[in-house]
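Build me a structure from this.
(2 chains)
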Protein chains: 2
Amino acid sequence: MPSFSSLPGFRDFYPEDLAIRSHIMAAWREAARRYGFEEYDGPPLEPLELYVEKSGEEIVRQLYSFEDKGGRAVALRPEMTPTLARMVGARARALRKPIRWFSLPQLFRYERAQRGRLREHFQWNVDVIGEEGEEADAEVLAVALEALRLVGLGPADVVARVSDRRLLERLLLHAGVPADQLPVTYAVIDKLDRAAEGKLRERLQAEAGLDRAAVQEVFGIFEHGTLADLGGAYAGVRGVDAEVDRLTRYFRNLEELGFAEFVTFDPRIVRGLAYYTGTVFEIFDRGGKLRALCGGGRYDNLLGALGGVELPALGFGMGDVVLAELLAERTLLPVAATRIDYYLVAITEAERGLLRRVAQALRARGHSVVYGLRPAGVGWQFKDADARGAAHVMVFGPEELVQGVVVVRAMASGKEERVPLQGLLE
Amino acid sequence: MPSFSSLPGFRDFYPEDLAIRSHIMAAWREAARRYGFEEYDGPPLEPLELYVEKSGEEIVRQLYSFEDKGGRAVALRPEMTPTLARMVGARARALRKPIRWFSLPQLFRYERAQRGRLREHFQWNVDVIGEEGEEADAEVLAVALEALRLVGLGPADVVARVSDRRLLERLLLHAGVPADQLPVTYAVIDKLDRAAEGKLRERLQAEAGLDRAAVQEVFGIFEHGTLADLGGAYAGVRGVDAEVDRLTRYFRNLEELGFAEFVTFDPRIVRGLAYYTGTVFEIFDRGGKLRALCGGGRYDNLLGALGGVELPALGFGMGDVVLAELLAERTLLPVAATRIDYYLVAITEAERGLLRRVAQALRARGHSVVYGLRPAGVGWQFKDADARGAAHVMVFGPEELVQGVVVVRAMASGKEERVPLQGLLE
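Just a heads-up that it's a prediction; the model follows:
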């Protein structure tokens, strides 16, 4: 008698777990539908080089990568963007721009096994490709927030922290950061919420080669709490006004789309990855207890590097795990309600053939119908109906059948009704 | 400028391809819901041993198997039943029997690369666990047929060919097949539709050690076209009558469930795999041009072997590839209809803020809404609305806005209507 278990970091979805996943995915799909995004998908297994090209050799350590039986280096997808770039690149001319696509892939990373740390998750990916204006940026963040609103989260529960690398670049150059030190400076700023400021100041000196005055200037940027405040403080600095104007239009777009209360400007948001070129955002729970629910931004150069097609683009990924944690905390998970419309009960064996004919007729009308798959006592059948979450029990008894009726009992109220068989079978 | 491609045998799902997949999956889920089955899922990556235990070392050749970075032998799932057995085994006591579960996994096989031969597909898996009576068998085949009916296939399009290994075993023993030669005999019978009879006769002699008379007896079984005919011919043979009675009840069940015209008895159906113990079935297109759409049967001993829990069980797998081929041939694939409810058009830039407010309000009511993400000419916007499959265009013009209205044009009929803005924004 062998005893198997699943691999560490992989989830089994029993029906009650899958109900949560389906609830989240339904919200993702519904938000995407309302915003006119179309669903696509790619293979869960891709050539390894597809990921190396974007993220460099170091990503390989975190990949589920292996050599297949044809000698190809392959990997389980750790993210969707390279597949998206490949697919768009292959049909770039035929696809109508801007492309509005979404996907719900399962993604894989071979991270060091930690308690509760998963090696797979589902991630909603939404992208707009072929449009560089800020209206596209607003539309993308709005659809993310629409999904969160659909699962019951409001501005008191979640906040989107937004910035723009183009603005930050102007400010950092002004602060004295050399252009070639911008990437490492972004990487340090990305740690502002998680590391001590003193340590980050040291890193800026050591890794980006900034002097103390420049470091002071850099940290001065983050003392401005609003975009207007920041824009005022740096007015006239080369390129800043135009970037502040662009972000101001973007926030006005989001307000018009109904999400003003969900969104805040936060220059500390830069996103760790190198390839972002414009707006960047992360959505967090207001309590700040959980990891980010969602992260995204504009990556105008990535498709050229990956898919061989130069198109401005932006998008985000929203995972199922942190979102489910937040929904659980807010008691917003779906309650296991009625799962079956009708459970059919036969008093004696003689009624079972008729019972099946009625089951067929009810199912053809779209009802969910279950009956016990072997003769059993009435008490057992009622208990089974209850355990399976039946909304109604329909009783087929010899006396009622003589009168051409069945008895339908609503399980919640206990109310009973005699229903003519003829109408059921028509 | 790199140019990547997907791995051979793996599909990209562009939106028009994904629409077909979604159409099929929606029918699978709807049929399952009507029959009161609950959805589950497991990991796409499992320990290799889980598959070796069921199917033996030779299966390894056809698996996407590899050693992960922790030194574990793992495999992309080639089928769902071992995962199901593992999950049921882990909670066997707590789960209400019979268990009625379904899943929609993507499955993987490393088959020799042939033209058009895929290495992945999606498969609807439906199982009833914990019930040995024939009513369960009828229910399982019925839900498979319900899904086919939901996508528009009728008894003129598809046929379920059904047999029972318990009956065939009695007949083969009667024909002179030694009990220990039953498995190889099943394997030969499984080839009846695909190989010359002479060759199969030779194999029965060579591999199962049958003499010519026994071979003749075996082939005699398949000359009976109906269950009644067969039952009459072998009446009184040890165990046959009981098995014919059981199958007769099973067919009556299917008739009561509304599927009589879809189902035929065919003793040549045995299914290749060793683990089936009772009813077996395959669903084919009536033309017989395509591979099987679906195959399944009863496997009462498998859960004990795999999951450590002795429970009678049966189920089937229905793949997406052959079904999509048949739907294409019958012109039953979904037509790309309207994809957006409203496309909002702004005559001048001044209306774009209001346009976004109306977009928000319409989306909040569940409508699918798109607008151009940058100012553009009216002609371009109408063209874009048309290309994106908009049902209606809603025009925001300066003159109409003064009157507090927008113009809504139904794209199919060209009919226009003036709609008060106030009602849209409420």
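
Not counting sequence-adjacent ones, nearest residue to the residue positioned nearest the centre of chain A?
The centroid of chain A falls nearest to A:M318 when counting by Cα atoms, centre = their mean (3.0 Å). Excluding the flanking residues, the one nearest A:M318 by Cβ to Cβ, 6 or more residues apart in numbering or on different chains is A:C294, at 3.9 Å. Placement of C-beta: from N, CA and C, glycine included.

ok, back up a step: and the residue nearest to the centre of chain A, that's in a strand?
Yes: counting by DSSP: H, G, I helix; E, B strand; the rest coil, A:M318 falls inside a strand.

Setting aside sequence neighbours, what's the nearest residue to A:G152?
A:L332 is the one closest to A:G152 (Cβ to Cβ, 6+ apart), at 4.3 Å.

residues contacting the residue nearest to the centre of chain A?
A:28, A:123-124, A:144, A:147, A:283, A:293-294 (Cβ atoms under 8 Å, 6 or more residues apart in numbering or on different chains).

ranges for the helices of the stretch 1-150 of chain A?
Listed in chain order, the helices found in the stretch 1-150 of chain A under DSSP state H, counting those that start in this stretch are A:15-34, A:49-55, A:81-90, A:134-150.

rewinding a little: mind checking how far the residue nearest to A:G152 is from A:L118?
Counting by Cβ to Cβ, to the nearest Å, the gap from A:L332 to A:L118 is 21 Å.

hmm, back to that, would JSON lines of the contacts of A:M318 with pLDDT and neighbour count be doable?
What follows is the contacts of A:M318, written out as JSON lines (pLDDT from 0 to 100; neighbours: other Cβ atoms under 10 Å in any protein chain shown):
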{"residue": "A:W28", "pLDDT": "98", "neighbour count": "28"}
{"residue": "A:Q123", "pLDDT": "98", "neighbour count": "21"}
{"residue": "A:W124", "pLDDT": "98", "neighbour count": "26"}
{"residue": "A:A144", "pLDDT": "98", "neighbour count": "28"}
{"residue": "A:A147", "pLDDT": "98", "neighbour count": "26"}
{"residue": "A:I283", "pLDDT": "98", "neighbour count": "25"}
{"residue": "A:L293", "pLDDT": "97", "neighbour count": "24"}
{"residue": "A:C294", "pLDDT": "98", "neighbour count": "24"}
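
what does the stretch 101-250 of chain A put close to chain B?
Listed as neighbours of chain B in the stretch 101-250 of chain A under the rule Cβ under 8 Å from any Cβ of the partner chain: A:101, A:106, A:108, A:110, A:113, A:120, A:128, A:131, A:133, A:135-136, A:139, A:146.

where's the dip in pLDDT among these?
Lowest pLDDT among these: A:A113, with 63.

for the stretch 151-300 of chain A, what are the low-confidence residue spans?
Along the stretch 151-300 of chain A, segments meeting pLDDT under 70 are nowhere present.

again, only this time at 80
Along the stretch 151-300 of chain A, segments meeting pLDDT under 80 span A:272-274.

can you map out the strands along it?
A:158-164, A:263-265, A:279-285, A:294-298 (DSSP state E, counting those that start in this stretch).

now those strands as TSV including distance to A:K415?
Listed next are the strands of the stretch 151-300 of chain A as TSV, based on distance: least, Cβ to Cβ, whole Å:
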stretch	distance to A:K415
strand A:158-164	42
strand A:263-265	49
strand A:279-285	43
strand A:294-298	45
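
quick one on the thing from earlier: between the residues of the stretch 101-250 of chain A next to chain B, which sits nearest B:G231?
A:Q106 (49.3 Å; Cβ to Cβ).

correct me, but that closest one touches A:P44?
Yes: here A:Q106 reaches A:P44: they are 6.6 Å apart, a contact under Cβ atoms under 8 Å.

Look at those two and report which has more neighbours.
It is A:P44, of A:Q106 and A:P44, that has more neighbours when counted by other Cβ atoms under 10 Å in any protein chain shown, with 22 against 16.
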